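>>> kindly generate the corresponding structure for this input.
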Amino acid sequence: MAKFGELISAQKPVLIDFYTDYNDAENTVHTLRDVAAALGDKAKVIKIDITKNETLADALRVKGNPTFMIYKNGEMKWRQTGIQDANTLIGLVQQYI
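Numbers count the residues shown, from 1 in each chain. So this is what the prediction gives:
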């Protein structure tokens, strides 16, 4: 979890998608690519597999799939469970740039 702490302490907003392989809709992958392309180097976009990072998912009380979170300077700014479209995610992250 030390690496996660370093990751979320960035001054740029960090959008994290907690997902599982068996339930990762193909459109979610394309959505995150679109979000990353639109935001460029202004933010980070990261996917974390819940099954490979169970301790972290449990610590953050991730129950649904997918669960999206936005962190900035080590503080959670936004969290939502359920599929989100690219424009919504881009707009949310831009609030913290």
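>>> hang on, residue 78 in a strand?
Yes: applying DSSP: H, G, I helix; E, B strand; the rest coil, one finds residue 78 inside a strand.
>>> please report the distance of it from residue 95.
Residue 78 sits 8 Å away from residue 95, taking Cβ to Cβ, to the nearest Å as the criterion. Just so you know, the C-beta spots here come from the backbone N, C-alpha and C atoms, and that holds for glycine as well.
>>> when these two are compared, which one has more neighbours?
Neighbours per residue, other Cβ atoms under 10 Å: of residue 78 and residue 95, the larger number sits with residue 78, 16 against 11.
>>> can I assume that one is in contact with residue 67?
No: contact between residue 78 and residue 67 fails when scored by Cβ atoms under 8 Å: they sit 11.3 Å apart.
>>> sorry, back to before: who touches both of residue 78 and residue 95?
Counting by Cβ atoms under 8 Å, 6 or more residues apart in numbering, residue 78 and residue 95 have no contacts in common.
>>> all helices of this structure, in order?
2-8, 26-39, 54-59, 86-94 (DSSP state H).
>>> re the thing from before, who touches both of residue 78 and residue 67?
Contacts common to residue 78 and residue 67, judged by Cβ under 8 Å, 6+ apart, are absent.
>>> now for the helices of the chain, which one comes closest to residue 18?
helix 54-59 (6.1 Å; Cβ to Cβ).
>>> and that closest one, what's buried?
residue 57 (16 or more other Cβ atoms under 10 Å).
>>> from residue 35, how far out is residue 66?
Taken as Cβ to Cβ, the span from residue 66 to residue 35 is 13 Å.
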